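**Q** fold the stuff below for me.
(one chain, ligands or ions: 1)
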Amino acid sequence: MRHVNIPVFIPHLGCPNLCVFCNQKAISGKTDFDDRYITEYADKTISDALETIEPDAQTEIAFFGGSFTGIDRTLMISLLKTAKKYVLRGDVSSIRLSTRPDYISEDILGILAEYSVKYIELGIQSMSDRVLELTRRGHTAADTERACRLIKRYRFSLIGQMMTALPGSSPADEIETAEKIVELGADGARIYPTAVFARTELAEMTKRGEYNPPDSENIISRTADVLEVFLRAKVPVIKIGLHSGRDLYGSEGIISGTYDPSVGEQIMSRVMLNRIIHRLRGLETHEKILFLEVPTGFTSITSGKRKTNKTALCNGFGFRDVKISENPDLRPYTFNYTLS
Ligand code: SF4
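**A** Numbering: from 1, shown residues only. Next up is the predicted model:
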(Lines give C-alpha, C1' and ligand atoms only; values in the text may rest on other atoms or scores of the structure.)
Protein backbone atom coordinates (compact mmCIF):
# COMPACT_ATOMS: atom_id res chain seq x y z
CA MET A 1 0.00 0.00 0.00
CA ARG A 2 1.30 3.47 -0.89
CA HIS A 3 2.20 5.62 2.10
CA VAL A 4 1.50 9.36 1.89
CA ASN A 5 2.27 12.11 4.39
CA ILE A 6 0.25 15.31 4.37
CA PRO A 7 2.81 17.81 5.69
CA VAL A 8 1.46 20.74 7.68
CA PHE A 9 4.37 23.12 8.26
CA ILE A 10 4.36 25.28 11.35
CA PRO A 11 7.68 27.12 11.03
CA HIS A 12 9.19 28.17 14.30
CA LEU A 13 5.88 28.38 16.12
CA GLY A 14 6.47 27.39 19.71
CA CYS A 15 10.21 27.50 19.47
CA PRO A 16 11.97 30.19 21.49
CA ASN A 17 15.34 28.71 20.53
CA LEU A 18 17.62 29.67 17.74
CA CYS A 19 19.81 26.70 16.99
CA VAL A 20 22.79 27.94 14.99
CA PHE A 21 21.85 25.95 11.87
CA CYS A 22 18.12 26.66 11.88
CA ASN A 23 16.29 28.72 9.35
CA GLN A 24 12.89 27.04 9.47
CA LYS A 25 11.45 29.49 6.98
CA ALA A 26 13.85 28.35 4.30
CA ILE A 27 13.62 24.68 5.20
CA SER A 28 9.85 24.44 5.17
CA GLY A 29 9.24 26.84 2.31
CA LYS A 30 6.67 28.71 4.40
CA THR A 31 7.35 32.30 5.28
CA ASP A 32 4.21 34.15 6.26
CA PHE A 33 2.16 32.97 9.16
CA ASP A 34 -0.54 34.46 11.26
CA ASP A 35 -1.28 32.48 14.42
CA ARG A 36 -4.98 33.41 14.23
CA TYR A 37 -5.42 31.52 11.00
CA ILE A 38 -3.15 28.57 11.63
CA THR A 39 -5.93 26.08 12.41
CA GLU A 40 -7.86 27.13 9.30
CA TYR A 41 -4.65 26.84 7.29
CA ALA A 42 -4.06 23.33 8.65
CA ASP A 43 -7.63 22.26 7.93
CA LYS A 44 -7.48 23.55 4.36
CA THR A 45 -4.04 22.04 3.75
CA ILE A 46 -5.31 18.63 4.85
CA SER A 47 -8.62 18.72 2.95
CA ASP A 48 -6.94 20.02 -0.25
CA ALA A 49 -4.28 17.29 -0.03
CA LEU A 50 -6.86 14.56 0.51
CA GLU A 51 -8.54 15.47 -2.77
CA THR A 52 -5.36 14.56 -4.62
CA ILE A 53 -4.57 11.30 -2.78
CA GLU A 54 -5.91 7.92 -3.93
CA PRO A 55 -8.38 6.64 -1.33
CA ASP A 56 -6.53 3.35 -0.84
CA ALA A 57 -3.24 5.06 0.16
CA GLN A 58 -2.15 4.89 3.78
CA THR A 59 -2.22 8.57 4.71
CA GLU A 60 -0.82 10.44 7.71
CA ILE A 61 -1.02 14.05 8.80
CA ALA A 62 2.47 15.31 9.70
CA PHE A 63 3.00 18.49 11.72
CA PHE A 64 6.54 19.47 10.79
CA GLY A 65 8.78 22.49 10.84
CA GLY A 66 8.77 23.65 14.44
CA SER A 67 8.50 22.32 17.95
CA PHE A 68 4.90 21.21 17.93
CA THR A 69 4.57 20.42 21.62
CA GLY A 70 6.02 23.80 22.54
CA ILE A 71 3.32 25.88 20.87
CA ASP A 72 0.60 27.55 22.85
CA ARG A 73 -1.44 24.76 24.47
CA THR A 74 -4.82 25.99 23.17
CA LEU A 75 -3.48 26.27 19.63
CA MET A 76 -1.80 22.86 19.85
CA ILE A 77 -5.05 21.21 20.97
CA SER A 78 -7.00 23.03 18.27
CA LEU A 79 -4.58 21.69 15.62
CA LEU A 80 -4.78 18.19 17.06
CA LYS A 81 -8.59 18.35 17.11
CA THR A 82 -8.58 19.38 13.46
CA ALA A 83 -6.29 16.49 12.55
CA LYS A 84 -8.17 13.94 14.65
CA LYS A 85 -11.37 14.81 12.80
CA TYR A 86 -9.79 13.26 9.68
CA VAL A 87 -8.64 10.20 11.63
CA LEU A 88 -12.15 9.62 12.98
CA ARG A 89 -13.61 9.92 9.48
CA GLY A 90 -11.16 7.28 8.29
CA ASP A 91 -9.55 9.70 5.80
CA VAL A 92 -6.12 9.38 7.42
CA SER A 93 -4.64 6.62 9.53
CA SER A 94 -2.63 8.60 12.07
CA ILE A 95 -0.85 11.79 13.03
CA ARG A 96 2.89 12.43 13.34
CA LEU A 97 4.71 15.48 14.61
CA SER A 98 8.19 16.77 15.25
CA THR A 99 9.41 18.38 18.45
CA ARG A 100 12.35 18.90 20.82
CA PRO A 101 13.46 16.64 23.66
CA ASP A 102 12.85 19.32 26.31
CA TYR A 103 9.23 19.74 25.18
CA ILE A 104 8.28 16.20 26.11
CA SER A 105 6.55 15.56 29.42
CA GLU A 106 4.00 13.06 30.77
CA ASP A 107 1.37 15.77 30.56
CA ILE A 108 2.08 16.45 26.87
CA LEU A 109 2.27 12.78 25.95
CA GLY A 110 -1.13 12.24 27.62
CA ILE A 111 -2.63 14.90 25.33
CA LEU A 112 -0.96 13.47 22.21
CA ALA A 113 -2.29 9.99 23.02
CA GLU A 114 -5.81 11.39 23.38
CA TYR A 115 -5.64 12.90 19.88
CA SER A 116 -4.43 9.80 17.97
CA VAL A 117 -0.82 10.86 17.51
CA LYS A 118 1.22 7.80 16.61
CA TYR A 119 4.71 8.97 15.62
CA ILE A 120 6.84 11.47 17.51
CA GLU A 121 9.88 12.69 15.62
CA LEU A 122 12.45 13.98 18.06
CA GLY A 123 15.11 16.51 17.03
CA ILE A 124 18.03 14.81 18.75
CA GLN A 125 20.76 16.14 16.41
CA SER A 126 23.65 15.01 18.63
CA MET A 127 24.22 13.09 21.85
CA SER A 128 27.38 15.07 22.58
CA ASP A 129 26.78 17.82 25.14
CA ARG A 130 29.72 19.73 23.68
CA VAL A 131 28.14 19.73 20.21
CA LEU A 132 24.72 20.60 21.63
CA GLU A 133 26.26 23.58 23.40
CA LEU A 134 28.20 24.76 20.34
CA THR A 135 25.04 24.57 18.25
CA ARG A 136 22.99 26.33 20.99
CA ARG A 137 20.37 23.63 21.09
CA GLY A 138 19.33 24.63 24.60
CA HIS A 139 19.02 21.06 25.87
CA THR A 140 21.37 18.30 26.92
CA ALA A 141 21.88 14.66 25.92
CA ALA A 142 20.31 13.70 29.26
CA ASP A 143 17.11 15.59 28.24
CA THR A 144 17.05 13.53 25.04
CA GLU A 145 17.49 10.29 26.92
CA ARG A 146 14.70 11.13 29.32
CA ALA A 147 12.36 12.17 26.46
CA CYS A 148 13.04 9.01 24.43
CA ARG A 149 12.40 6.73 27.40
CA LEU A 150 9.14 8.56 28.17
CA ILE A 151 7.96 8.39 24.53
CA LYS A 152 8.63 4.66 24.44
CA ARG A 153 6.93 4.16 27.82
CA TYR A 154 3.80 5.81 26.40
CA ARG A 155 4.05 3.44 23.40
CA PHE A 156 4.45 6.08 20.69
CA SER A 157 6.65 5.28 17.70
CA LEU A 158 9.87 7.22 18.10
CA ILE A 159 11.72 8.65 15.12
CA GLY A 160 15.17 10.01 15.99
CA GLN A 161 16.40 12.89 13.86
CA MET A 162 20.15 13.48 13.89
CA MET A 163 22.65 15.65 12.05
CA THR A 164 26.17 15.13 10.79
CA ALA A 165 28.96 17.70 10.48
CA LEU A 166 27.58 20.06 13.11
CA PRO A 167 30.07 22.51 14.63
CA GLY A 168 32.48 20.65 16.90
CA SER A 169 31.11 17.26 15.89
CA SER A 170 33.47 14.45 14.90
CA PRO A 171 32.59 11.31 12.92
CA ALA A 172 33.02 9.37 16.19
CA ASP A 173 30.44 11.64 17.92
CA GLU A 174 28.03 10.92 15.09
CA ILE A 175 28.44 7.17 15.29
CA GLU A 176 27.90 7.36 19.06
CA THR A 177 24.77 9.45 18.49
CA ALA A 178 23.37 6.88 16.04
CA GLU A 179 24.22 4.04 18.42
CA LYS A 180 22.50 5.84 21.28
CA ILE A 181 19.39 6.46 19.16
CA VAL A 182 19.28 2.73 18.41
CA GLU A 183 19.81 1.87 22.08
CA LEU A 184 16.98 4.20 23.11
CA GLY A 185 14.58 2.14 21.02
CA ALA A 186 13.99 4.34 17.96
CA ASP A 187 11.55 2.88 15.45
CA GLY A 188 13.06 4.95 12.65
CA ALA A 189 15.57 7.69 11.96
CA ARG A 190 16.22 10.67 9.76
CA ILE A 191 19.75 11.84 9.04
CA TYR A 192 20.50 15.39 8.00
CA PRO A 193 23.98 16.47 6.91
CA THR A 194 24.44 20.07 8.07
CA ALA A 195 23.71 22.78 5.51
CA VAL A 196 24.57 26.45 6.03
CA PHE A 197 21.44 28.55 5.50
CA ALA A 198 21.32 32.30 4.99
CA ARG A 199 20.42 34.38 8.03
CA THR A 200 21.51 31.77 10.55
CA GLU A 201 24.16 31.98 13.22
CA LEU A 202 25.96 29.18 11.37
CA ALA A 203 26.28 31.47 8.34
CA GLU A 204 27.89 34.08 10.61
CA MET A 205 30.16 31.45 12.18
CA THR A 206 31.21 30.41 8.68
CA LYS A 207 31.99 34.01 7.73
CA ARG A 208 34.06 34.41 10.90
CA GLY A 209 35.96 31.18 10.14
CA GLU A 210 34.57 29.43 13.24
CA TYR A 211 32.88 26.78 11.11
CA ASN A 212 34.22 25.27 7.91
CA PRO A 213 31.57 23.38 5.96
CA PRO A 214 33.11 20.00 5.15
CA ASP A 215 33.52 19.04 1.50
CA SER A 216 31.08 16.58 -0.05
CA GLU A 217 33.46 13.61 0.24
CA ASN A 218 33.73 14.19 3.99
CA ILE A 219 29.94 14.56 4.36
CA ILE A 220 29.22 11.44 2.29
CA SER A 221 31.79 9.29 4.03
CA ARG A 222 30.87 10.17 7.65
CA THR A 223 27.12 10.07 6.98
CA ALA A 224 27.45 6.67 5.27
CA ASP A 225 29.05 5.36 8.48
CA VAL A 226 26.05 6.67 10.45
CA LEU A 227 23.62 5.07 8.01
CA GLU A 228 25.49 1.77 8.42
CA VAL A 229 24.84 1.86 12.20
CA PHE A 230 21.08 2.11 11.60
CA LEU A 231 21.11 -0.54 8.86
CA ARG A 232 22.94 -3.04 11.05
CA ALA A 233 20.48 -2.39 13.88
CA LYS A 234 17.54 -2.76 11.42
CA VAL A 235 16.24 0.71 12.29
CA PRO A 236 14.61 2.08 9.12
CA VAL A 237 16.07 5.39 7.90
CA ILE A 238 13.14 7.24 6.39
CA LYS A 239 15.04 10.24 5.04
CA ILE A 240 18.63 11.28 4.40
CA GLY A 241 19.14 14.95 3.59
CA LEU A 242 16.77 17.87 3.45
CA HIS A 243 13.46 17.94 1.65
CA SER A 244 14.35 19.75 -1.57
CA GLY A 245 11.82 22.55 -1.21
CA ARG A 246 11.71 25.46 -3.58
CA ASP A 247 13.56 27.85 -1.27
CA LEU A 248 16.52 25.58 -0.57
CA TYR A 249 18.71 27.55 -2.95
CA GLY A 250 16.83 30.86 -3.01
CA SER A 251 17.87 34.05 -1.21
CA GLU A 252 16.91 32.46 2.14
CA GLY A 253 18.52 29.16 1.20
CA ILE A 254 21.87 27.42 1.45
CA ILE A 255 24.71 29.90 1.02
CA SER A 256 27.85 27.97 1.74
CA GLY A 257 29.40 24.54 1.50
CA THR A 258 28.79 21.83 -1.04
CA TYR A 259 25.30 20.68 -0.14
CA ASP A 260 23.90 18.62 -3.01
CA PRO A 261 20.19 17.70 -3.27
CA SER A 262 21.24 14.17 -4.25
CA VAL A 263 23.34 13.78 -1.10
CA GLY A 264 20.96 11.12 0.28
CA GLU A 265 21.42 8.87 -2.73
CA GLN A 266 25.19 9.45 -2.72
CA ILE A 267 25.33 8.37 0.93
CA MET A 268 23.34 5.21 0.13
CA SER A 269 25.74 4.59 -2.78
CA ARG A 270 28.70 4.86 -0.44
CA VAL A 271 27.23 2.27 1.91
CA MET A 272 26.86 -0.14 -1.03
CA LEU A 273 30.44 0.59 -2.14
CA ASN A 274 31.80 0.04 1.38
CA ARG A 275 29.94 -3.26 1.68
CA ILE A 276 31.14 -4.50 -1.73
CA ILE A 277 34.76 -3.53 -0.98
CA HIS A 278 34.54 -5.30 2.37
CA ARG A 279 33.27 -8.55 0.76
CA LEU A 280 35.79 -8.55 -2.11
CA ARG A 281 38.87 -7.67 -0.12
CA GLY A 282 41.61 -10.28 -0.51
CA LEU A 283 40.09 -11.96 -3.63
CA GLU A 284 41.97 -12.42 -6.87
CA THR A 285 40.09 -9.95 -9.09
CA HIS A 286 42.52 -8.48 -11.60
CA GLU A 287 41.25 -8.23 -15.21
CA LYS A 288 38.00 -9.98 -14.32
CA ILE A 289 34.43 -8.75 -14.77
CA LEU A 290 32.41 -8.24 -11.59
CA PHE A 291 28.72 -9.22 -11.91
CA LEU A 292 26.60 -7.77 -9.13
CA GLU A 293 23.01 -8.70 -8.32
CA VAL A 294 21.37 -5.98 -6.27
CA PRO A 295 17.87 -5.38 -4.84
CA THR A 296 15.17 -3.88 -7.04
CA GLY A 297 15.72 -0.13 -7.33
CA PHE A 298 19.39 -0.34 -6.34
CA THR A 299 21.04 -0.24 -9.77
CA SER A 300 21.86 3.46 -9.85
CA ILE A 301 22.63 3.51 -6.11
CA THR A 302 25.15 0.70 -6.64
CA SER A 303 26.60 2.28 -9.75
CA GLY A 304 27.03 5.62 -7.94
CA LYS A 305 26.56 9.18 -9.17
CA ARG A 306 28.23 9.41 -12.58
CA LYS A 307 29.26 5.73 -12.06
CA THR A 308 31.71 6.68 -9.30
CA ASN A 309 31.29 3.34 -7.54
CA LYS A 310 31.90 1.37 -10.73
CA THR A 311 35.01 3.45 -11.38
CA ALA A 312 36.25 3.02 -7.81
CA LEU A 313 35.78 -0.76 -8.04
CA CYS A 314 37.54 -0.99 -11.40
CA ASN A 315 40.44 1.17 -10.19
CA GLY A 316 40.69 -0.43 -6.76
CA PHE A 317 40.40 -4.10 -7.78
CA GLY A 318 41.53 -3.99 -11.42
CA PHE A 319 38.19 -5.16 -12.84
CA ARG A 320 37.72 -4.90 -16.59
CA ASP A 321 34.08 -3.99 -16.00
CA VAL A 322 31.28 -4.06 -13.42
CA LYS A 323 27.85 -5.25 -14.55
CA ILE A 324 24.78 -4.76 -12.37
CA SER A 325 21.41 -6.55 -12.52
CA GLU A 326 18.45 -6.53 -10.13
CA ASN A 327 17.14 -9.45 -8.10
CA PRO A 328 13.77 -8.79 -6.43
CA ASP A 329 14.50 -11.38 -3.73
CA LEU A 330 17.36 -9.38 -2.25
CA ARG A 331 16.86 -7.14 0.78
CA PRO A 332 17.95 -3.47 0.58
CA TYR A 333 21.72 -2.97 0.70
CA THR A 334 22.49 -6.66 0.15
CA PHE A 335 24.02 -8.12 -3.02
CA ASN A 336 25.32 -11.28 -4.67
CA TYR A 337 28.38 -11.32 -6.83
CA THR A 338 30.22 -13.51 -9.32
CA LEU A 339 33.53 -12.96 -11.10
CA SER A 340 34.40 -14.12 -14.56
S1 SF4 B 1 14.52 23.68 18.07
FE2 SF4 B 1 14.03 23.23 15.94
S3 SF4 B 1 12.70 24.91 15.26
FE4 SF4 B 1 13.71 25.56 17.16
S5 SF4 B 1 15.51 26.71 16.50
FE6 SF4 B 1 16.15 24.61 16.85
S7 SF4 B 1 15.97 23.54 14.90
FE8 SF4 B 1 14.81 25.47 14.74
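
**Q** outline the domain layout of the chain.
**A** Domains of the chain are assigned by automatic domain parsing as 3-260, 269-339.

**Q** where's residue 55 relative to residue 90, distance?
**A** Distance, residue 55 to residue 90, using Cβ to Cβ, to the nearest Å: 10 Å. C-beta: built from backbone N, CA, C; applies to glycine.

**Q** no no, residue 58
**A** For residue 58 relative to residue 90 (Cβ to Cβ), the value is 12 Å.

**Q** do residue 98 as well
**A** From residue 98 across to residue 90, the span is 25 Å (Cβ to Cβ).

**Q** between those two, which has more neighbouring residues?
**A** residue 98 (21 against 8; other Cβ atoms under 10 Å).

**Q** how about that one, what does it touch?
**A** 62, 63, 64, 65, 66, 67, 68, 120, 121, 122, 123, 161 (Cβ atoms under 8 Å, 6 or more residues apart in numbering).

**Q** rerun that using 7 Å as the cut-off
**A** Contact partners of residue 98, counting by Cβ atoms under 7 Å, 6 or more residues apart in numbering, are 64, 68, 121, 123.

**Q** just give me the neighbour total for the second one.
**A** Going back to what we said before, that points to residue 68. 29.

**Q** beta partners for the closest residue to it other than its chain neighbours?
**A** Counting by Cβ to Cβ, 6 or more residues apart in numbering, residue 97 is the residue found nearest to residue 68 once chain neighbours are left out, at 4.2 Å. Assessed by DSSP bridges, residue 97 has beta-bridge partners residue 63, residue 120.

**Q** how far away is residue 97 from residue 105?
**A** For residue 97, the distance to residue 105 - Cβ to Cβ - is 15 Å.

**Q** cool, residue 48 as well?
**A** The value you get for residue 48 to residue 105, if Cβ to Cβ is used, is 33 Å.

**Q** which one's more surrounded, these two?
**A** residue 105 (13 against 10).

**Q** can you tell me which residues contact the residue nearest to that one when sequence neighbours are not counted?
**A** Distances taken as Cβ to Cβ, 6+ apart put residue 150 closest to residue 105, at 7.6 Å, once the chain neighbours are dropped. Shown in contact with residue 150 (Cβ under 7 Å, 6+ apart): 104, 106, 109.

**Q** most neighbours among these, please name it.
**A** So for these (other Cβ under 10 Å), the most neighbours sit at residue 104, 25 neighbours.

**Q** I'd say that one and residue 151 touch.
**A** Yes: checked against Cβ atoms under 7 Å, the pair residue 104 and residue 151 is within contact range at 6.4 Å.

**Q** in the protein, what helix or strand scores lowest on average pLDDT?
**A** helix 24-28 (a mean of 55; mean pLDDT, DSSP states H and E).

**Q** just checking, next helix/strand downstream of that one?
**A** Downstream of helix 24-28, the first helix or strand assigned by DSSP states H and E is helix 38-52.

**Q** what's the local residue count around residue 325?
**A** So residue 325, with other Cβ under 10 Å, has 10 neighbours.

**Q** that one - that's part of a helix, no?
**A** No: per DSSP: H, G, I helix; E, B strand; the rest coil, residue 325 lies outside any helix segment and is strand.

**Q** test my guess that it contacts residue 293.
**A** Yes: at 5.7 Å, residue 325 and residue 293 qualify as touching, with contact defined as Cβ under 7 Å.

**Q** can you count the residues close to residue 178?
**A** The tally of other residues near residue 178 (other Cβ under 10 Å) stands at 29.

**Q** quick one, grab the pLDDT at the closest residue to the ligand within the stretch 101-250 of the chain.
**A** At 5.3 Å from the ligand, residue 123 is the closest residue in the stretch 101-250 of the chain, using Cβ to the nearest ligand atom. Listed pLDDT for residue 123 reads 96.

**Q** so where does it fall, helix or strand?
**A** strand 117-125.

**Q** which residues of the stretch 1-150 of the chain score low on pLDDT?
**A** Residue ranges of the stretch 1-150 of the chain with pLDDT under 70: 11-15, 24-36.

**Q** could I get the buried residue list for the helix or strand following the strand holding residue 123?
**A** Where DSSP H and E defines the elements, the next helix or strand beyond strand 117-125 is helix 129-134. Of the residues in helix 129-134, 131, 132, 134 count as buried by neighbour count, 16 or more other Cβ atoms under 10 Å.

**Q** and for helix 129-134, what's in contact with it?
**A** With contacts defined as Cβ under 7 Å, 6+ apart, helix 129-134 is touched by 126, 139, 140, 141, 166, 167, 168, 169, 173.

**Q** my read: the first one touches residue 176, true?
**A** Just to be clear, that refers to residue 126. No: in this structure, residue 126 is not within contact of residue 176 by Cβ under 7 Å, at 9.0 Å.

**Q** for the two, indicate the residue with more neighbours.
**A** Just comparing residue 126 and residue 176: by other Cβ under 10 Å the higher neighbour count belongs to residue 126, 26 against 16.
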